[in-house]
Structure formats: C-alpha cells, structure tokens
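Asker: I'll drop the sequence and a predicted model, then ask my questions.
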Amino acid sequence: MTEVKPVFKPNKEFAKTARIKNMCEYQALQDAAMEDYEGFWGSYAKEKIDWIEPFTNVLDESNTPFVKWFEGGKLNVAAQCIDRHLSSRKNKAAIIFEGDRGDKQIITYLELYYNVNRFSNLLKNEFGVKKGDRVVIYMPMIPEAAYAMLACARIGAIHSIVFGGFSAEALRDRIADADAKVVITADGAFRKDKPYMLKPVVDEALNGETPVQKVLVVERNGEDVTWTAGRDYSYNELIKHQAPTCDAEVMDAEDPLFLLYTSGSTGKPKGVQHNSAGYILWAQMTMEWVFDVKENDTYWCTADVGWITGHTYIVYGPLAMGATTVMFEGVPTYPDAGRPWKMVEEYKINQFYTAPTAIRVLHKSGEDEPAKYDLSSLKVLGTVGEPIDPPAWKWYYEAVGGSKCAIVDTYWQTETGGHIVSPLPGATPIKPACATFPLPGIMAEILDPQTGEKVEAGEGGYMCVTRPWPSMIRGIWGDPERFVKSYFGDVKKDGKPVYFTGDGAIYDTEGYITITGRTDDVINVSGHRMGTAEVEAAIKKHPNVAEVAVVGKPHEIKGEGIFAYVVLKSDKGVADEVEEVKAINNVIKKEIGNIALCDDIVFAPGLPKTRSGKIMRRILRSIAKGETITQDISTLEDPSVVEKIEKMVKA
Ligand code: PRX
C-alpha cells in the first residue's frame with residue numbers, strides 16, 4: 001500500500017537564492033548526469049577541487065567494483081579544507097566549539113591552518129608517521145579531534161576514528177585490524193558537567209601485544225592519567241615546540257584518506273575505506289546542495305566525529321566549502337532540553353543537522369523549549385541515520401523550524417561517504433519522513449532483488465546504486481573479497497552486480513523514496529548500526545551462555561532497541577535473573593561498549609530453528625514486538641519452543 005502523505009513546498013524566499021531553485025533545475029542536473037556521466041562528474045571535479053596536478057581520466061571501471069576516480073589527479077584534502085581558503089577567509093570562523101560546561105572557542109581558518117600544521121609536524125617529526133601509516137583517533141568532541149584528522153590528511157596518514165563509546169576490546173580489535181602505529185586520545189572530557197575518561201580505555205586496549213608504538217594524549221579534563229614512558233606523550237607539551245607550517249603531502253586522487261569501522265551482518269566490524277578526491281568532492285558538493293550553506297551562515301551538525309556523519313558533515317564537508325562549523329562536546333538535554341535551541345539563538349545557527357533519536361528525546365523532554373528561544377535564524381533542518389517517525393517530524397518542522405524551514409531527510413551510509421537520497425531545500429516539495437529523490441549524479445534505484453528491475457510504486461524493493469559514484473566505499477581494509485561479497489553480491493541489473501545498500505525502500509505514486517529499514521541482520525540503535533552477530537558474539541563470551549539470538553525491537557526513543565534471547569547451559573539454571581542480566585550486559589559493555597547494551601534479555605528454553613539448524617529470526621522479531629505468530633511452525637525442529645518463548649515474553 002502506498003500511503004498518501006502531505007506535501008510541503010519549499011520556502012519561496014529561500015528558494016530564490018538556493019543553489020538548486022526548483023525541480024526543473026534538479027531534473028536538468030540529473031539528466032545531464034544521465035547523458036554524460038563522466039562529463040558531469042569531471043566538470044564538478046575540475047571546478048570544486050584545488051588540484052595540485054589535474055586528473056587525466058574521470059572514471060576507470062575496468063576492474064569494477066574496484067573503480068578509480070580522477071586518476072592522475074594530485075591533491076591534498078587538508079589543503080582543500082584549509083589552505084585554499086586563506087586568501088579569502090583567513091579570519092573567518094572555521095570551527096566554533098562549545099564545551100559541555102559552556103566554555104567556548106572560535107578557531108579561524110588561519111588559526112586552524114597553524115594548529116593543523118603544528119599537529120602534522122608533531123606526528124611526522126616526533127612520532128615518525130609517514131604517508132600510508134594508520135593512526136587511530138579515540139577522542140572526545142573537541143577541536144583537537146578535527147586537527148588530528150586534518151593533520152593525518154595533511155601528511156598522508158590514514159586515520160581511523162573509533163567512537164569514544166567503544167570499549168577497550170572494541171578499540172583493540174580496530175587497532176589490530178588497521179595495524180595502527182599511533183593512537184591519538186585525550187585524558188577524557190566532560191559530560192553533564194562531570195569528567196569521564198578515555199586514556200585508561202586506551203591503556204587497557206594496548207595491554208599485551210599491539211602494533212601501537214606511540215600514544216598522544218590531549219589534555220581536556222585535567223584528570224590524572226597513568227603514563228607509559230617511551231610510549232605516551234603529552235600533546236600540550238609537544239605541540240609547543242612544533243613549527244607552524246608543514247608542507248602538504250602530494251596525494252593521488254585514489255590514495256586512502258581514512259578508514260571507519262562499521263557493523264555488518266557478520267561478527268567482525270568492517271574497515272570501510274574512503275579515498276581522497278572522490279570523497280572530498282562529494283562531501284563538498286552535498287554540503288552546498290543539501291544544506292545550501294551561504295558565506296555568512298553558521299552550520300551545526302550534532303553528530304560525533306566517531307561516526308561518518310561527523311567525518312563528512314562536521315569536518316570535511318563544511319571545511320572543504322569554507323563554512324563555519326559548530327562542534328559541541330555536550331549532550332543535547334543537558335542542563336535541560338533547551339540546550340540546542342539556546343545555542344541556535346546564541347550562534348544564530350542557519351542549518352541544524354541531527355538524528356531522529358535526538359529529535360524524539362528533545363520532543364519528549366522539552367516539547368515547549370523551542371518556543372523560549374529565538375530560532376528565526378534557522379533555514380534548513382536535517383535528519384540522518386534512521387527513519388524519522390511522523391510525530392517527531394511534525395514537531396521538528398513546526399516547533400523548531402517555525403513551519404518555514406525545509407527538512408532534509410538525508411539518506412546515506414558510512415559506505416556512501418555522503419548523502420545519496422535527500423531533498424534539496426530550495427527545490428524539493430517534501431513529505432514527512434521521506435528521503436524523496438536521488439541527488440543529482442547518483443543513480444539510486446529501488447530494485448527487485450530477483451529480477452533486477454525497478455520496482456513499481458507501492459512494491460518494496462532493495463535500495464541500490466547502479467553506477468559507481470565518487471565518494472563510494474573503495475574497499476574493506478584488508479579484505480577485498482568481503483567488499484565484493486558484502487555490497488555487490490545480492491542484486492544484479494541487466495546481469496551486472498550493482499551496489500546494494502542493505503536497506504529496503506519503497507516508491508510512492510509520485511516516485512518519492514521512503515527507506516523502510518535494513519533487510520539484513522543489522523539493527524539501528526539511535527541511528528548507530530549494530531550487527532546482531534557482533535552482539536551475539538559478545539554475549540557468547542559469557543561462560544553460562546549456550547546459545548543466543550539477537551534481534552531489533554521498535555523503541556520509542558532509540559528507533560530500535562536490542563532484544564536478546566539467551567539459552568543458558570543446561571547445568572546452570574537461572575538462579576537470579578536480575579544478576580544474570582547484569583552479568584550479560586557487563587560482558588557486552590566489556591566487549592563492545594555501552595552503546596550495545598540490551599534493552600531486553602529473555603532466558604529461553606531453546607531457539608526456534610529449522611531442521612537444518614537455522615535460527616528463525618523472523619519469528620523471534622515478531623515475538624519481541626508482541627505479535628501473534630501466525631506462520632506455519634510445524635516444520636521447526638521443536639515447534640513447542642515458540643509457544644514457550646511467547647509466553648515468557650508476554651509475562
Ligand atoms: O539503514 C540506513 C540508516 O542508517 C544506515 C547507515 O548507518 P551508518 O553507516 O551508521 O550511517 C549513519 C549515518 C549516515 C543505513 O543503511 N539510515 C541512514 N539515514 C537514513 C537511514 N534510514 C532512514 N532514513 C534515513 N534518512
């Protein structure tokens with residue numbers, strides 16, 4: 001069934017000066033890309049990137065899916081983000097930082113240039129970091145996190161940021177997989193006016209065998225940390241002695257820029273690799289098109305740099321286009337749910353970009369807060385990371401946006417590098433909770449997985465991209481086979497494998513795209529991807545656990561919560577359920593981190609399996625949702641187990 005949704009037209013005043021002003025302009029761009037794909041991308045690449053040497057070929061698909069964009073071109077991504085702005089924007093704010101406790105810093109492009117150059121010299125001269133080396137960044141949301149990223153880019157090192165909420169074990173695995181020789185961290189930071197720690201987690205992660213030789217520690221909260229002589233160094237000390245300029249390494253268009261680990265449907269996280277030119281080109285173009293940031297605007301994305309949104313839309317995209325980007329250390333509900341709106345008023349924010357989870361929290365805990373502040377500076381509101389529900393959308397549109405701002409529901413993933421399906425704020429008539437249309441140049445289509453044909457309106461299908469685009473994933477670090485299998489195995493169009501996102505989607509009768517959610521065993525908790533296999537692998541480390549199956553369950557705030565069915569070893573009954581739940585969650589905390597804690601754990605007598613031993617997750621998902629099981633279960637190995645579990649969950 002296709003639901004008919006109301007349509008909200010773009011604000012006319014806004015559209016007048018928007019980069020893409022109406023759907024005719026949008027269509028003209030999309031047609032241009034369709035007619036001459038390489039010409040389209042080649043001309044944007046020439047216009048937008050400050051090439052050290054021009055590229056000689058736009059796209060090489062001879063070894064698809066291992067494609068190459070802009071071969072022969074040489075550039076440096078940090079120079080693209082900083083150096084080229086110095087002639088016209090040296091005193092413009094590049095980063096506005098607000099700490100958890102309200103402390104503030106404004107960093108101009110010129111200051112950013114010197115800070116990043118000093119950081120680059122530190123990494124090169126004190127730690128011997130060279131082009132191609134991997135550097136893990138495990139940092140809070142402070143400006144030094146952005147300096148660290150850009151310093152790596154400047155010297156050609158490949159950064160791999162690990163979100164600060166991951167545990168020591170998760171950090172250890174990512175360090176090992178990337179074979180990183182340096183970790184950049186901080187003592188800790190502040191959350192809700194209290195210090196929390198990061199350095200001890202790094203210490204634990206480096207215990208035993210590790211490829212890491214040096215650890216750089218930025219001082220943020222001033223708490224005591226332990227120092228390992230010869231390995232740990234103070235950033236605040238070393239930076240004082242660094243020269244303020246450092247040549248930018250000349251990089252090939254396809255040299256790797258960063259790795260970012262993300263969850264897949266198997267246990268081991270994937271090191272998604274993004275390369276230099278294509279990534280920065282699309283980061284910049286989507287900033288311009290989707291947020292339509294103007295020279296004097298102030299743009300704020302609330303993500304964490306530990307996720308792809310933080311990479312592309314706090315650091316690389318905004319800086320590549322010479323915008324002012326806000327970085328916020330705190331949480332949106334502290335000291336109260338008016339915090340973001342207070343900041344919008346104070347900094348006169350023009351574009352605000354956040355996740356549906358945050359919108360739901362701010363709505364629930366502070367419905368009337370936006371009205372207390374002057375939010376008239378806002379022009380564009382964005383959401384990302386998970387489907388947004390219509391009530392949250394309505395509140396965002398009306399209470400925050402004053403019914404005059406476009407909401408750009410941006411659909412994309414770690415692997416896509418930047419937005420792929422999204423409204424354009426001056427052009428697209430929007431519908432609540434709808435990602436609308438592919439962006440110009442992106443050949444995104446919903447395909448039938450069996451036939452590879454585009455699906456009809458109202459019929460669900462797989463969200464695919466049928467041609468390579470510049471910012472697409474270039475590989476999974478160290479595992480080319482997994483790269484091909486993960487993304488190019490499931491859907492073929494005209495007999496050729498195409499990129500499959502892992503998401504289901506549906507067209508309405510006007511061709512609008514709504515994302516319906518993952519089709520694989522990946523759940524989306526507060527807009528963060530969590531592989532069920534990853535959580536299961538963690539739970540299995542508990543000595544009492546015989547079997548486990550993890551599924552997602554709708555959650556009012558988080559979008560999806562984690563629901564685990566645990567079968568304990570037969571000789572160990574459940575002596576104390578509360579204690580057992582605690583113990584299992586402790587294992588998860590140790591193996592992955594608090595972000596993967598289960599919302600529900602049920603101690604099941606067994607799991608519903610086919611006779612060949614396959615766990616019927618569909619049944620478990622239905623039970624978790626409280627649905628009555630109507631499907632035929634007579635072919636299961638032990639059908640009685642379904643009823644038993646149903647009773648337990650309902651109890
Ligand atoms: O399921 C889709 C969902 O988030 C997944 C990507 O997660 P990650 O790589 O962590 O990146 C999150 C930030 C880009 C997708 O496969 N997703 C992302 N944006 C949307 C979305 N689902 C619905 N609507 C969106 N706008």
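Answerer: Received it, and whenever you're ready, just let me know what you need. Numbers count the residues shown, from 1 in each chain.

Asker: Distance-wise, check D292 relative to G401.
Answerer: Here the criterion is Cβ to Cβ, to the nearest Å. By it, D292 lies 14 Å from G401. For glycine as for every other residue, the C-beta is placed from the backbone atoms N, C-alpha and C.

Asker: The two: which is more packed in?
Answerer: Just comparing D292 and G401: by other Cβ atoms under 10 Å the higher neighbour count belongs to D292, 24 against 21.

Asker: Please give me every residue in contact with the more buried one.
Answerer: The neighbours of D292, taking Cβ atoms under 8 Å, 6 or more residues apart in numbering as the test, are F14, A18, R19, Q351, K379, V380, L424, P425, G426.

Asker: Now, those residues that are in helices?
Answerer: Of the contacts of D292, the ones assigned to helices by DSSP state H are F14.

Asker: mind giving me CSV with the contacts of D292 and columns for distance to I515 and neighbour count?
Answerer: Listed next are these as CSV, based on distance: Cβ to Cβ, whole Å; neighbours: other Cβ atoms under 10 Å:
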residue, distance to I515, neighbour count
F14, 25, 17
A18, 24, 22
R19, 24, 17
Q351, 22, 29
K379, 24, 25
V380, 20, 26
L424, 17, 29
P425, 19, 27
G426, 23, 25
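
Asker: from the contacts of D292, which is closest to V116?
Answerer: For the contacts of D292, the residue nearest V116 by Cβ to Cβ is Q351; the value is 23.9 Å.

Asker: So which bits of the stretch 201-350 of the chain are right by the ligand?
Answerer: Proximity of the stretch 201-350 of the chain to the ligand (Cβ under 6 Å from any ligand atom) is limited to residues T262, I308, T309.

Asker: and the last one, that's in a helix?
Answerer: Looking back up the chat, that one is T309. Yes - read with DSSP: H, G, I helix; E, B strand; the rest coil, T309 is one of the residues of a helix.

Asker: Tell me the buried residues in the top helix by length along the chain?
Answerer: As assigned by DSSP H, the longest helix anywhere in the chain is helix 577-591. For helix 577-591, a neighbour-count test (16 or more other Cβ atoms under 10 Å) marks E580, V581, I584, N585, V587, I588, K589, E591 as buried.

Asker: The second one and the ligand, how far apart?
Answerer: Noted for V581: a distance of 27 Å to the ligand, by Cβ to the nearest ligand atom, to the nearest Å.

Asker: Same check on the fourth one?
Answerer: From N585 over to the ligand the distance is 22 Å, taken as Cβ to the nearest ligand atom.

Asker: That residue reaches L597, doesn't it?
Answerer: Yes - under the criterion of Cβ atoms under 8 Å, N585 makes contact with L597 at 5.1 Å.

Asker: residue contacts, G559?
Answerer: P356, T357, E386, P387, N524, V525, S526, G527.

Asker: got a winner among those for most neighbours?
Answerer: P356 (26 neighbours).

Asker: Identify the residue nearest it in space, chain neighbours excluded?
Answerer: Leaving aside its chain neighbours, P356 sits nearest to I388 (4.0 Å; criterion: Cβ to Cβ, 6 or more residues apart in numbering).

Asker: who's in contact with that neighbour?
Answerer: P356, I359, Y396, D409, P432, A433.

Asker: Would you format these as CSV with pLDDT and secondary structure included?
Answerer: CSV is the format used below for the contacts of I388 (pLDDT from 0 to 100; DSSP: H, G, I helix; E, B strand; the rest coil):
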residue, pLDDT, secondary structure
P356, 95, helix
I359, 97, helix
Y396, 98, helix
D409, 98, strand
P432, 93, coil
A433, 88, coil
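
Asker: Of those residues, which is the nearest to the ligand?
Answerer: The shortest approach to the ligand among the contacts of I388 belongs to D409, at 4.9 Å (Cβ to the nearest ligand atom).

Asker: quick one: the closest one and T383 touch, right?
Answerer: Yes - with contact defined as Cβ under 8 Å, D409 reaches T383; the gap is 5.3 Å.

Asker: where do the contact lists of these two overlap?
Answerer: By Cβ under 8 Å, 6+ apart, the residues touching both D409 and T383 are W393.

Asker: Can you list the low-confidence ranges for the stretch 451-600 of the chain?
Answerer: Where the stretch 451-600 of the chain drops to pLDDT under 70, the residues are 571-573.

Asker: One more pass at 90, please.
Answerer: Scanning the stretch 451-600 of the chain for pLDDT under 90 picks out the ranges 489, 521, 527-528, 569-577.
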